[in-house]
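J.: starting from these lines, generate the structure:
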Amino acid sequence: TGRFIAAEHLMNDDYCAGCHNDIHAQWEHSAHRFASFNNPAYLFSVRNTRRVALERDGDVSAARFCAGCHDPVPLFSGAFDDPNFDDQGHPTANAGITCTACHAIERLNSPRGNADYLIGTPEHYPFAFSDNRILAWVNELLIKGKPAFHKRTFLKPLHQTTEFCGTCHKVHLPEELNHYKWL
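T.: You can find the predicted model right below:
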């Protein structure tokens, strides 16, 4: 839609763990989990990129080059664009690459990498995040009894391609990042 996606729609890993506990346990200790501001090398690099971009361009948008892959939650929720974004204390800062951040990708726009994808707010069965135990049970029953909708939403054919992984694990340098200059 071109609108921001609420952070809670992208940071629901515990919800995923309810049925996919084995995968969640692997993710908790993975490079994907620690690919954001919770990674000291990345934190140093992006802080400097944001600082230089702010001084040079008056905004931090050049750092989106990094955020599309490393910081999808703060980027797509709108927090990342704030020059005063608290990269340690903000609730999205340590999200890493969440389950939903990958599984909400709907289309790859090109094979060039650099997060050139389309992401959307995933649809859920009713009551997916209800605090009411009975309604949460109904949601779980729907997922288990009629899994086709859940699978269609979170496991698209593109998720099984090398191009899907390449959308972040392949990089080209756009002119906007550094005007094709290397230090």
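
J.: so what's residue 1 scoring on pLDDT?
T.: Confidence at residue 1, expressed as pLDDT, is 79.

J.: which pLDDT does the model give the residue lying closest to it once chain neighbours are set aside?
T.: In space, and not counting its chain neighbours, residue 1 is closest to residue 120: 7.6 Å by Cβ to Cβ, 6 or more residues apart in numbering. In this view, the C-beta of every residue, glycine as well, is placed from N, C-alpha and C. Looking at residue 120, its pLDDT stands at 93.

J.: pretty sure residue 120 contacts residue 106?
T.: Yes. Assessed by Cβ atoms under 8 Å, residue 120 is found in contact with residue 106 at 5.1 Å.

J.: in this protein, which segments are predicted with low confidence?
T.: By pLDDT under 70, the weakly predicted segments of the chain are 172-174, 176-183.

J.: ok, residues contacting stretch 4-17?
T.: Stretch 4-17 is contacted from outside by 23-25, 27, 72-74, 76-79, 91-92, 95, 98-101, 104, 119-122, 128-129, using Cβ atoms under 8 Å, 6 or more residues apart in numbering.

J.: where do the helices of this protein begin and end?
T.: 7-10, 13-17, 21-27, 40-57, 64-70, 72-77, 99-103, 133-145, 147-154, 162-169, 175-178 (DSSP state H).

J.: can I get these in a markdown table with distance to residue 85?
T.: A markdown table is the format used below for these (distance: least, Cβ to Cβ, whole Å):
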| stretch | distance to residue 85 |
| --- | --- |
| helix 7-10 | 12 |
| helix 13-17 | 21 |
| helix 21-27 | 24 |
| helix 40-57 | 8 |
| helix 64-70 | 10 |
| helix 72-77 | 7 |
| helix 99-103 | 17 |
| helix 133-145 | 33 |
| helix 147-154 | 28 |
| helix 162-169 | 21 |
| helix 175-178 | 19 |
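
J.: what residues are up against the nearest residue to residue 113 once chain neighbours are set aside?
T.: Closest residue in space to residue 113, ignoring its immediate chain neighbours: residue 170 at 3.2 Å, by Cβ to Cβ, 6+ apart. Applying Cβ under 8 Å, 6+ apart to residue 170 gives the contacts 111-114.

J.: now the farthest one out in this structure, which residue is it?
T.: residue 134 (30.2 Å; Cα atoms, centre = their mean).

J.: tell me the contacts of it?
T.: So residue 134 contacts nothing (Cβ under 8 Å, 6+ apart).

J.: distance of it from residue 12?
T.: Distance, residue 134 to residue 12, using Cβ to Cβ, to the nearest Å: 20 Å.

J.: same check on residue 108?
T.: For residue 108 relative to residue 12 (Cβ to Cβ), the value is 23 Å.
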